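Participant: From the sequence below, what's the structure:
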Amino acid sequence: MRSTLRIAVTGAVAAATVLVAGPAQATPPGPGVSGRIISQKTVGDTDYILREITIPPGQATGWHYHDGSLYAFTQQGTLSHYNSTCASDGIYPKGSFIQEPAGPGNVHIGRNEGDTPVVLDVLYVLPHGASFSQDAPNPGCPFE
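Facilitator: Next up is the predicted model:
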């Protein structure tokens with residue numbers, strides 16, 4: 001009896017949460033956007049992770065922010081970077097360095113508006129155990 005009641009209550013709470021909260025409307029990365037870990041090391045309470053990110057032509061990272069700092073180098077293509085005001089805050093062709101500050105006040109998106117894949121080498125400096133990024137909803141920009 002108790003387990004039946006527990007299952008019923010859990011189901012009702014889950015259904016109410018979905019109905020009341022609705023979708024988060026985060027913008028996930030576009031099709032074909034990929035990443036692979038090249039190296040990672042934890043020192044104290046900080047994770048240092050080097051990844052290669054590939055963004056196909058016409059695709060984007062989705063709106064997001066990071067819980068730690070991010071440093072990147074453009075290996076190939078040109079990355080167009082936009083902040084939460086919908087303004088471009090940088091165009092990064094091959095050979096460029098990019099720095100992204102931490103925190104939810106730094107929501108941004110990276111877009112490949114060119115015709116060749118963008119390939120980035122990205123160093124994440126994150127609190128131990130943090131995810132690479134936190135999804136964020138489109139702040140009202142006419143793209144993504």
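
Participant: Strands of the protein, residue ranges please.
Facilitator: For the chain, the strands defined by DSSP state E occupy 34-43, 46-55, 64-65, 69-76, 78-83, 88-93, 97-100, 108-111, 118-127, 134-135.

Participant: Quick check: which of those strands has the most neighbours on average?
Facilitator: Stretch with highest mean neighbour count among the strands of the chain: strand 108-111 (a mean of 22; mean count of other C-beta atoms under 10 Å). For glycine as for every other residue, the C-beta is placed from the backbone atoms N, C-alpha and C.

Participant: what does that strand rub up against?
Facilitator: For strand 108-111, contacts defined as C-beta atoms under 8 Å, 6 or more residues apart in numbering pick out 27, 55, 59-65, 79-84, 89, 100, 118, 141, 143-144.

Participant: Ok, stretch 35-52 next?
Facilitator: In this structure, residues lying in contact with stretch 35-52 by C-beta under 8 Å, 6+ apart are 53-54, 68, 75, 119-130, 132.

Participant: switch the cut-off to 6 Å
Facilitator: 53, 121-126, 128 (C-beta atoms under 6 Å, 6 or more residues apart in numbering).

Participant: as a whole number, average confidence for that stretch?
Facilitator: Mean per-residue pLDDT for stretch 35-52: 98.

Participant: Just the CA coordinates for it, please, in CSV.
Facilitator: Extracted C-alpha coordinates of stretch 35-52, given in CSV (Å, rounded to 0.1, in the frame of the first residue of the first chain):
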residue,chain,number,x,y,z
GLY,A,35,33.8,17.7,-29.3
ARG,A,36,36.5,15.3,-28.2
ILE,A,37,38.7,15.4,-25.2
ILE,A,38,42.4,15.7,-26.0
SER,A,39,43.7,15.9,-22.4
GLN,A,40,42.5,16.5,-18.9
LYS,A,41,44.0,17.1,-15.5
THR,A,42,42.7,18.0,-12.1
VAL,A,43,44.8,20.2,-9.8
GLY,A,44,43.3,20.8,-6.4
ASP,A,45,39.6,21.7,-7.0
THR,A,46,40.1,22.8,-10.6
ASP,A,47,39.7,20.8,-13.8
TYR,A,48,41.8,21.7,-16.9
ILE,A,49,40.3,20.0,-20.0
LEU,A,50,41.6,20.5,-23.5
ARG,A,51,39.0,19.6,-26.2
GLU,A,52,38.7,19.9,-29.9
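
Participant: Appreciated, that's everything.
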